[in-house]
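Enquirer: what's the 3D shape of this:
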Amino acid sequence: QIKTNFESNLNLALRDYNVTADRHSEAVDTIQRTLHCCGVQNYSDWERTDYFTQRGIPQSCCKSQDDCSEEDLKDLSKAKLKVFVDGCFFLVTSTMESKMSIVAGISFGIACFQLVGIILACCLSQYITNNQYEMV
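Expert: Next up is the predicted model:
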């Protein structure tokens, strides 16, 4: 469910991608730069976007910013040599899945601390209750 939802949102972000400072476009750029990926399944996903017809593949897909001209990015065969060819969907989901064990471990640790707190609170309550009867 989460993977399907993420994939459809990533496809929407690509479709609506533009170079103005909107959050979705910035998120796509950040993912592509950070994970060294391009598009959803692969770099050719950009071919189906309005952005591609105007400016080609975004600069955030480039392996090297110095060697990545707009003319190269408008031609898929030339762009293949200049951009990351792997799609971002698989990389993002595999990165999330690899970090899940860490999240689960931290969650379990926090739950253990909470459980110890509950046990100590019960012990304190029992101790206070027992001492009240002795004081009277």
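
Enquirer: So in the chain, which helix runs the longest?
Expert: helix 88-135 (DSSP state H).

Enquirer: Against which helices or strands is that one packed?
Expert: On a contact count with 3 or more C-beta pairs under 8 Å, 6 or more residues apart in numbering; DSSP states H and E, helix 88-135 meets helix 2-15, helix 23-35. Backbone N, C-alpha and C define where each C-beta goes, glycine included.

Enquirer: what's the distance between the last one and the middle of its chain?
Expert: Right, helix 23-35. Relative to its chain's centre, helix 23-35 lies at 9 Å (C-alpha atoms, centre = their mean, to the nearest Å).

Enquirer: Kindly state the pLDDT recorded for the most centrally placed residue in the chain?
Expert: Geometric centre of the chain, nearest residue: Val92, 5.5 Å, by C-alpha atoms, centre = their mean. pLDDT for Val92: 90.

Enquirer: What of Leu124?
Expert: 92.

Enquirer: Ok, Leu120 next?
Expert: pLDDT at Leu120 comes out at 96.

Enquirer: Isn't the residue nearest to the centre of the chain up against Leu35?
Expert: Yes - Val92 is within contact range of Leu35, at 6.7 Å (criterion: C-beta atoms under 8 Å).

Enquirer: May I have the residues that are in contact with the nearest residue to Val83 once chain neighbours are set aside?
Expert: Leaving aside its sequence neighbours, Val83 sits nearest to Cys61 (C-beta to C-beta, 6 or more residues apart in numbering; 4.0 Å). For Cys61, the contacting residues are Gln32, Cys37, Cys38, Gly39, Tyr43, Trp46, Leu73, Ala79, Val83, Phe84, by C-beta atoms under 8 Å, 6 or more residues apart in numbering.
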